[in-house]
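[1] Next come a sequence and a model predicted from it.
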Amino acid sequence: MDRSLPTLCTLLVIAWSACHAQIVPGDTTAVRDSTVAGQRILAADTLHLPAPPYKSTGTAMLFSAILPGAGQVYNESYWKAPLVLGLSMYFISEFMRYNRYADDYRQLYLASLSTVAIPAYQTKREDYKNLRDANVWYFVIVYVLNIVDAYVDASLYGFDVSPTLSLRGPQGNVGLSLRVVW
């Protein structure tokens, strides 16, 4: 009994806090109980709602595959396009830079073989090769995420995210509430 009392109290506090929702004055999105006032709520005609706007997922993915960020422009997510394109260009430029450094140290190491081999050149070359390869992986990750993001944006293009979402529409709101008072 001693161990179960704190657990029971904790569960009661959690249940009380979950059931203690209140309507804030001036909140237009809150659901009010209309049966108390004797009002009748009419159901909205959900069969004749206009179709949401549509974007093709295949086209968005194709654009993103051709040029990173183009799928985001197609989906009208303009703020994402420079981020994706900028990250892609950054990783490509870093790949080219580290590849050039690795090639330079390869040439220095090969030139040092004719006299006395300097192992530091080979070590530096391996370090730059590892950095080059890491940037390839970073670019691949950004590229794949770019295509996935274009697909998701196109799929959710017509999704309504307004704060006035309800089950019934503008005539009245229907909801579920639970009030526990003691």
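    Received, thanks.
[2] contacts and neighbour counts: CA atoms only from here.
    Will do.
[3] And the pLDDT for Thr115?
    Here the pLDDT value assigned to Thr115 is 87.
[4] Now for the chain, the helix or strand with the poorest mean pLDDT.
    Counting by mean pLDDT, DSSP states H and E, the chain has its least confident helix or strand at helix 4-19, which shows a mean of 62.
[5] residues in contact with Tyr74?
    60, 63 (Cα atoms under 8 Å, 6 or more residues apart in numbering).
[6] Next, it: phi, psi?
    When quoted as degrees, to the nearest 10, the phi and psi of Tyr74 stand at phi -60, psi -40.
[7] where's it relative to Thr123, distance?
    46 Å (Cα to Cα, to the nearest Å).
[8] again, but for Ile147
    Applying Cα to Cα to Ile147 and Thr123 gives a distance of 37 Å.
[9] and if you look at Asn75?
    46 Å.
[10] Those two: which is more packed in?
    More crowded of Asn75 and Thr123, by other Cα atoms under 10 Å: Asn75, with 24 against 15.
[11] residue contacts, the more buried one?
    With Cα under 8 Å, 6+ apart, Asn75 has these contacts: 55, 60, 150, 153-154, 157.
[12] With Ser64 instead?
    70-72, 146-147, 150.
[13] What's the local residue count around the nearest residue to it once chain neighbours are set aside?
    Among residues not flanking Ser64 along the chain, Gly71 sits closest, at 4.4 Å (Cα to Cα, 6 or more residues apart in numbering). Per other Cα under 10 Å, the neighbour tally for Gly71 reads 31.
[14] isn't Gly71 right up against Ser56?
    No - the criterion here is Cα atoms under 8 Å, and Gly71 misses it with Ser56 at 10.2 Å.
[15] where does the chain have low pLDDT?
    Within the chain, the stretches with pLDDT under 70 are 1-9, 11-52, 164-176.
[16] So Leu178: helix, strand or coil?
    Classification of Leu178 by DSSP: H, G, I helix; E, B strand; the rest coil places it in coil.
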